[in-house]
Every structure is written in structure tokens, then in C-alpha cells.
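**Student:** fold the following, please.
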Amino acid sequence: MDTGHLVRVYDTLHFIEQHYHRLISIKELEQVSHYSYRNIQRIFKYTCGETIGAYQQRLKVENAYKMILYTRETLSSIALEVGFANVASFSKAFRQHFGMAPSEARERKLPLLARAEIVPLETEERLIPEIIYVPPVTVYYQSAFIDYNHAAVEELWEQLMAHQFTAPGTEFYGVVADEPLIRESLACRYDACASRQAEKGVLPSKTIPAGRYACFMHYGSYETIEETYGKIYAGWILETRLEFAPTPIIEKYIKHPDNTTAVEEQETAIWLPLQ
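**Tutor:** Predicted coordinates:
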């Protein structure tokens, strides 16, 4: 698929992510994609592996599951917030996707964390975040469904950096759009992003949403970032009274191989979105 077609698909993906909780009209999809409704449906399914309707429904139930895990909102409030008319329709869709009722998902929260080997850490190992406010950030990106590991992420970054970013002050981000805990496989949607448009080729753009984030720092090679995530999920996140938003986790690459030669000097900020 050429770059122009891919940009249109990405624009459609981003639009659905922003408006998944409401009815999206045919006219809106045609305007954002610049295709007829029939064509964008066909191209979207070919590119993303599912229909637009299936993708929107999946966003609803997966974001609902995140809220079940990380907030204290009632199931009825969650159902309305993600776009279901009532708890009955929410429960039916949730059961079809996850094989259990939303109430069961809430009851299984601790067993789910335990199965992922997320168990409470000793006090001295726990990380304490800085609570920050982040303004909206426009980024230019490439996206993929990949195994969230160093090799797969590195390959996507190599593809992005081939477009060349030489503008001074360009910042780089990773957007982790899916929650690995609630997916049957470890394949997650990951976006490799730059804050400036590339010199070679035209990349699609999107906005990292403004809001409050819990900011944790990872020091050293990206290969070991899962160790930091483990400490976050097994420490502070189990005890905090703050509630998390269903928007993506953001990684900001402050010091990376392109601007430091020492592995021990590399720095990655991990932003967990807050309600």
C-alpha cells in the first residue's frame, strides 16, 4: 500500500480511537478517509484485519476492561462511558469478547495480576512517580501490531527513522495503545512517533492527548524496560488511590542511542494516563 493510502487508513484509525464511544456516521468516515464508505470499509479490513465496526466494538470493551482494572467506577457508569446504552448490552458484548461477564472480570482482577506474575514488591523496590500535566503533542508516526519486546519495537523504529528527522528539537515517543494484560496474545498496538514531520515521505499525524500522567523513569537500555514496568505494576499501581484513564500509555525517549553513546545514560519516561 502506498504512503497516501496508508495515511488515510491511519487517519481513520485515529478518528475511531477518539470517537469510539459514540455512533460514527458514514459521512464522517468518508470525510476523514477521503474514500467512499464501501472503499474505506474494504481497505480498512485489508490493512487492519477487522472491519471498522468490529474495531470500534473492540475499543469499547477493551477500554471498559481497563477501567474495570484500574478505576473504582461502577459497571453501569463504565458501560455508559464507553458507549453502551445499558448494562445488558455492555455485558453481552463484553462476554462475547472476553468469555466472562464484566462482574466476573472485576472479581478476577487480583488473579489476573497474579497470573501475569504481578505480585507486591518489597517496599524498598517500589517506584514513586511524579504526577505531571502534559499539553497536547502532535506527532508523526508509524503503527504496527507487534509483540511488545525489544526486537519488534526496534524494527518498527528502524522503519520510522529511515524517513529521516533532522529538525532541531525533534522529540520521540512510543504510544502503547493496548493493555497486554487483557489481550489473549501479547501482540499490542504500538506507535513509533516523532514530534516533527519527516524529511523523506509524508507520515500521518495524531495528537497525544493532554492530561495528567503518572511519570516513571526508566534508566538504561530499552531492552530492560519490562523490568521497570514490572516494578510499576507490582508496586505503586496496586496501592495508589489515583484512577487511570483508558487512553494509551506514552513512552518519551529522552536520551536514546541517537543522542547519547553510553547505554547507562539512556532515559525513558513512562507516562501512565490518569483520570
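**Student:** and the helix or strand where Y233 lies, what's buried?
**Tutor:** Per DSSP states H and E: Y233 is located in helix 225-234. By 16 or more other Cβ atoms under 10 Å, the buried positions in helix 225-234 come out as I225, T228, Y229, G230, K231, I232, Y233, A234. Every C-beta, even on glycine, is put in place using the N, C-alpha and C of the backbone.
**Student:** that helix: what's the following helix or strand?
**Tutor:** helix 236-239.
**Student:** ok, now which ones touch the nearest residue to A198 once chain neighbours are set aside?
**Tutor:** Leaving aside its sequence neighbours, A198 sits nearest to H163 (Cβ to Cβ, 6 or more residues apart in numbering; 3.4 Å). Neighbouring residues of H163 by Cβ atoms under 8 Å, 6 or more residues apart in numbering: A198, E199, K200, G201, L203.
**Student:** let's have the buried residues of helix 225-234 in CSV, adding distance to A88 and pLDDT.
**Tutor:** Below are the buried residues of helix 225-234 laid out as CSV (distance: Cβ to Cβ, whole Å; pLDDT from 0 to 100):
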residue, distance to A88, pLDDT
I225, 41, 84
T228, 41, 86
Y229, 36, 82
G230, 38, 78
K231, 40, 79
I232, 35, 81
Y233, 32, 74
A234, 36, 69
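**Student:** among those, find me the one that's closest to N86.
**Tutor:** Y233 (32.3 Å; Cβ to Cβ).
**Student:** any idea how far P129 is from the closest one?
**Tutor:** Distance, Y233 to P129, using Cβ to Cβ, to the nearest Å: 12 Å.
**Student:** which of the contacts of H163 are buried?
**Tutor:** Of the contacts of H163, these count as buried by 16+ other Cβ under 10 Å: A198, L203.
**Student:** can you tell me which one of the contacts of H163 sits lowest on pLDDT?
**Tutor:** Across the set of the contacts of H163, G201 stands lowest in pLDDT, at 77.
**Student:** skipping its backbone neighbours, what lies nearest it in space?
**Tutor:** H163 is the one closest to G201 (Cβ to Cβ, 6+ apart), at 5.0 Å.
**Student:** so that neighbour, which of the three states?
**Tutor:** Following DSSP: H, G, I helix; E, B strand; the rest coil, we place H163 in the coil state.
**Student:** any stretches of this structure with poor pLDDT?
**Tutor:** Applying pLDDT under 70 to the chain flags the ranges 1-5, 109-126, 146-150, 179-188, 234-235, 238.
**Student:** domain assignment for it?
**Tutor:** Using automatic domain parsing, the domain parsing of the chain gives 3-107, 130-273.
**Student:** quick one: the last one to chain centroid distance?
**Tutor:** I take that to be domain 130-273. 9 Å (Cα atoms, centre = their mean, to the nearest Å).
**Student:** endpoint to endpoint, that domain covers what distance?
**Tutor:** By Cα to Cα, to the nearest Å, the extent of domain 130-273 from end to end equals 12 Å.
**Student:** how much space between the residue nearest to A198 and E227?
**Tutor:** 31 Å.
**Student:** can you pull out the helices in this structure?
**Tutor:** Assigned by DSSP state H, the helices in the chain fall at 3-19, 26-33, 37-48, 52-70, 75-81, 87-98, 102-107, 109-115, 150-161, 225-234, 236-239.
**Student:** now these as CSV including distance to Y133?
**Tutor:** Shown next, in CSV, are those (distance: least, Cβ to Cβ, whole Å):
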stretch, distance to Y133
helix 3-19, 20
helix 26-33, 29
helix 37-48, 32
helix 52-70, 19
helix 75-81, 22
helix 87-98, 31
helix 102-107, 30
helix 109-115, 28
helix 150-161, 27
helix 225-234, 19
helix 236-239, 19
